[in-house]
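>>> Next come a sequence and a model predicted from it.
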Amino acid sequence: MADFRKWVLVLAVLAALVVPASAQVASCTVSSSNQPIRAEGLTEQVGQITLICTPTTGFTATTANFTAFFTTPVTNKIISGTTGTDVVLTNSTGSVSVAGTIGGSNSLIFNGVAVPATGDIFTISNVRVNANAVGTGGSVSVIMSASSPGNNVLFTGIPTAQVANVQTGLAFAIASGSSAVNPGPVSFTQCSAPNIKLVDLNFTEGFAASFKPWALENGTVTPPGTATQGTRIFARFSGIPGNVNIAVPEFLPASAGSLAAATAVLVGFDATAKGSSAPVTTPGSSVATPVSSSSAFFNAFSDGSSPANPAFLVPSGGTPVYEITGNNISTSAVDVVTMTVAIQITPGVAVTSTSAPPTVSGGFAPISTVSTPAPTSGTGSAPYPRFVDVANQNKTLFSVSACVTNLLFPFVTNQAGFDTGVALINTSLDNGTGTGTPFATTPQSGTCTVYYFGSMSSGAATPSPQTTPTIAAGQMYAFALSAGGVAGSTTSAAGFQGYLIARCNFQFAHGYAFVSDLGAQKLAHGYLALVIPDRGPTGGRLADPFNTAGAGSGEQLVR
């Protein structure tokens, strides 16, 4: 800002010094439409600049060189040589058209502009600048100067105008709340595989018309063709575990639900790729083959209209990218574009970590690091528009929790002439084969690990955990302490007294213990194991389990 003020002050002083009262000159003023531009953008188009040159009596036609200095780097397309750009200066009738050349990182020069004896109005169009270098809340201004053979074309007053104000162009969020169609994040349990759930990703304009189809991104250039694509948006998935598939739809439907008027079209899975300098209405060649009609994904995005909205699997490391088509996008109101993603877990999926869950981020595309003028093809080429990569929100997308049941046996003994038998039962089979079944639960299977807490009659160390064979749905595994506990274990539970916790890798596990003297001749007692809800979000045992039970917990039947 200090440098900008210095330039303005210097130019104002020079203007006052070089203009004699009787000079026959064309005095020029500068103005501009001050429009919002995206803070994420590297090639944002600022407002048109208007130069009004008014002659004094006796002024004769001449040519002048105009220089436009901007308070952030110019990043226009190079169309000739190393400095020729697609910025144009035209007069009021269109008979004068001069291309701007790069005069420095922040300036454009228009050489040999014909200024008639009657004066004229000139317009500078299609200036693109690095808005990201300014930052949100900043502004971009232009400072004009002129030179001519007789120094008789000049700017009076303070020759500057604000051409743009920099605003955040996009807000990314996962839809949430009761009003959301597919709120997230979503949770799965391992034993629910295969399973598919939908999550909506919302891309909200930072200001009206932040999302532009190709025609608007192309701006005011004549002939058209500067923009290589319309506004694009992308979603980046991170930390996705194995045995998880993610699919996205081909079209983001309009609010009315008709795919014939899609708001955005899937164009590929590369957030750096540019378009083809033409409006996009159909998917690009980089899009993979849609998922099979026999896949569970096939109807995930169907809205009942024709044609259908097929699903595309996101390749490993791929980033789905959509281009705004212009349908149902307002130029006067803030729009929200919703990308629905389908998440499918399959058997074998790993439990996700609460400290590093699967995440998603969203932003503008194409992303680029080229912050200088560049051609659209060949060496050093870059797309127009292009954006910095700010998709670092890392919002939690889903979680996978273990399917477990924790069973507490409060007292077991194989001391003082007593023994304990333990039965572990997998009750996840309740759907049978006929109709009218009670619950239709998905059968599960898994092992149980038995943990011992107490002492041995011999004074030996407490047995290390023992793991049972796989217990199928509807089956039971039983063992006795006197026989050493779980068969095949490396340590023996004979002579143990204390309590047990059995952690079973399936839901709907239940347990029964039977304590008696050997042969059950004098005293016998049986009881059901207590069910402990699984560990809470901080990893510990829950103090109030019936209000805060973990997502993968077994059923809590006893308070």
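Now that the structure is in, tell me what you want to look at.
>>> how near is residue 505 to residue 445?
With distances taken as C-beta to C-beta, to the nearest Å, residue 505 is found 8 Å from residue 445. Just so you know, the C-beta spots here come from the backbone N, C-alpha and C atoms, and that holds for glycine as well.
>>> Between these two, which has more neighbouring residues?
Set side by side, residue 505 and residue 445 show more neighbours around residue 505, with 20 against 16, by other C-beta atoms under 10 Å.
>>> Give the burial count for the residue lying closest to residue 417 once chain neighbours are set aside, as a bare number.
With C-beta to C-beta, 6 or more residues apart in numbering as the measure, residue 517 is the residue that lies nearest to residue 417, at 5.4 Å, once sequence neighbours are left out. A total of 13 residues lie near residue 517 under the criterion other C-beta under 10 Å.
>>> what are the phi and psi angles of residue 517?
With angles defined as degrees, to the nearest 10, residue 517 sits at phi -70, psi 160.
>>> Check whether residue 122 really touches residue 93, as I assumed.
No. The pair residue 122 and residue 93 fails to qualify as a contact (C-beta atoms under 8 Å) at a distance of 10.9 Å.
>>> Between those two, which has more neighbouring residues?
In this view residue 122 and residue 93 are compared by other C-beta under 10 Å, and residue 122 has more residues nearby, 22 against 9.
>>> What sits closest to that one if chain neighbours are left out?
In space, and not counting its chain neighbours, residue 122 is closest to residue 51: 4.2 Å by C-beta to C-beta, 6+ apart.
>>> my guess is the one you found meets residue 30, correct?
Yes. Residue 51 is within contact range of residue 30, at 5.7 Å (criterion: C-beta under 8 Å).
>>> Please enumerate the shared neighbours of those two.
Residues touching both residue 51 and residue 30 (C-beta atoms under 8 Å, 6 or more residues apart in numbering) are residue 144.
>>> More neighbours: those two, which one.
When residue 51 is set against residue 30 and neighbours are counted by other C-beta under 10 Å, the residue ahead is residue 51, at 26 against 22.
>>> Return the residues in contact with the residue nearest to residue 122.
With C-beta under 8 Å, 6+ apart as the criterion, the residues that contact residue 51 are 28-30, 66, 121-124, 144.
>>> what about the helix or strand containing it, average pLDDT?
Residue 51 belongs to strand 49-55 when elements are defined using DSSP states H and E. Averaging the model's pLDDT scores along strand 49-55 yields 97.
>>> Output that strand as PDB - backbone C-alpha positions only.
Once non-C-alpha atoms are left out, strand 49-55 reads as follows in PDB (Å, rounded to 0.1, in the frame of the first residue of the first chain):
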ATOM      1  CA  ILE A  49     -10.800   0.400 -17.600                       C
ATOM      2  CA  THR A  50     -12.200   3.500 -19.300                       C
ATOM      3  CA  LEU A  51      -9.900   6.400 -20.400                       C
ATOM      4  CA  ILE A  52     -11.600   9.600 -21.400                       C
ATOM      5  CA  CYS A  53      -9.300  11.900 -23.300                       C
ATOM      6  CA  THR A  54     -10.700  15.400 -23.800                       C
ATOM      7  CA  PRO A  55      -8.800  17.900 -26.000                       C
END
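>>> Helix or strand next in line after it, which one?
Moving toward the C-terminus from strand 49-55, the first helix or strand encountered (DSSP H and E) is strand 62-70.
>>> Neighbouring strands - and their directions - for that next one?
According to DSSP bridges, the neighbouring strands of strand 62-70, each with its direction, are strand 107-115 (antiparallel), strand 139-147 (antiparallel).
>>> Just checking the distance from the first one to the centre of its chain.
When C-alpha coordinates are averaged (C-alpha atoms, centre = their mean, to the nearest Å), strand 107-115 and its chain have centres 44 Å apart.
>>> buried stuff in it?
107-111, 113, 115 (16 or more other C-beta atoms under 10 Å).
>>> same deal with the last one?
Taking 16+ other C-beta under 10 Å as the basis for neighbour counts, the residues of strand 139-147 that come out buried are 139-146.
>>> Turn those residues into CSV, columns for distance to residue 386 and pLDDT.
Conversion of those to CSV gives the following (distance: C-beta to C-beta, whole Å; pLDDT from 0 to 100):
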residue, distance to residue 386, pLDDT
139, 21, 98
140, 17, 98
141, 23, 98
142, 22, 98
143, 26, 98
144, 27, 97
145, 30, 97
146, 32, 97
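>>> Which one of the residues you listed is nearest to residue 178?
Distance ranking of the buried residues of strand 139-147 against residue 178, using C-beta to C-beta, places residue 139 first at 39.9 Å.
>>> hang on, that closest one packs against residue 160?
No. Residue 139 is not in contact with residue 160 according to C-beta under 8 Å; the separation is 11.3 Å.
>>> For residue 211, which three-state class applies?
coil (DSSP: H, G, I helix; E, B strand; the rest coil).
>>> How many residues are close by it?
The criterion is other C-beta under 10 Å. On that basis, residue 211 has 30 neighbouring residues.
>>> on that earlier part again, could you give the bridge partners of the residue nearest to residue 417?
Each beta-bridge partner of residue 517 is listed here: residue 418, as defined by DSSP bridges.
>>> where does residue 331 land on pLDDT?
At residue 331, pLDDT is 84.
>>> My error: substitute residue 114 in the last question.
97.
>>> quick one on the thing from earlier: now do the residue nearest to residue 122 against residue 109, distance only.
Applying C-beta to C-beta, the value for residue 51 to residue 109 is 14 Å.
>>> Next: residue 134.
For residue 134, the distance to residue 109 under the criterion C-beta to C-beta works out to 22 Å.
>>> What number of neighbouring residues does the residue nearest to residue 107 when sequence neighbours are not counted come out with?
The shortest distance from residue 107 to any non-neighbouring residue, by C-beta to C-beta, 6+ apart, is to residue 69 (4.6 Å). Counted with other C-beta under 10 Å, residues neighbouring residue 69 total 21.
>>> Do I have it right that residue 69 meets residue 109?
No. Under the criterion of C-beta under 8 Å, residue 69 lies out of contact with residue 109, with a separation of 9.9 Å.
>>> Among the contacts of residue 51, which ones are in strands?
Among the contacts of residue 51, the ones falling in strands (DSSP state E) are 28-30, 66, 121-124, 144.
>>> buried sites along stretch 327-344?
The neighbour-count criterion (16+ other C-beta under 10 Å) identifies 327-329, 335, 337-344 as the buried residues of stretch 327-344.
>>> Tell me which two of the residues you listed sit farthest apart.
The most widely separated members of these, counting by C-beta to C-beta, are 329 and 344 (30.7 Å).
>>> Same list (the buried residues of strand 107-115) but as TSV, adding distance to residue 101.
Formatted as TSV, the buried residues of strand 107-115 follow (distance: C-beta to C-beta, whole Å):
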residue	distance to residue 101
107	10
108	7
109	5
110	8
111	7
113	13
115	19
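>>> Identify, from those, the entry nearest to residue 266.
Within these, the smallest distance to residue 266 is 37.0 Å, found for residue 108 (C-beta to C-beta).
>>> which ones are touching that closest one?
67-68, 70, 74, 76, 85, 87, 100-102, 124, 127.
>>> again, only using 7 Å
Each residue near residue 108 by C-beta atoms under 7 Å, 6 or more residues apart in numbering is listed here: 68, 74, 85, 87, 100-102, 127.
>>> got it, and residue 344?
In this structure, residue 344 makes contact with 194-196, 244-245, 296-297, judged by C-beta under 7 Å, 6+ apart.
>>> Identify each buried residue in stretch 268-279, please.
With the criterion 16+ other C-beta under 10 Å, stretch 268-279 contains buried residues 268-275, 277.
>>> now for those residues, which pair is the farthest apart?
Between any two of the buried residues of stretch 268-279, the greatest separation by C-beta to C-beta is 20.8 Å, found for 269 and 277.
>>> mind checking the backbone torsions on the residue nearest to residue 295 when sequence neighbours are not counted?
For residue 295, ignoring the flanking residues on the chain, the nearest one in space by C-beta to C-beta, 6+ apart is residue 311 at 7.5 Å. Reported as degrees, to the nearest 10, the phi and psi values for residue 311 are phi -100, psi 150.
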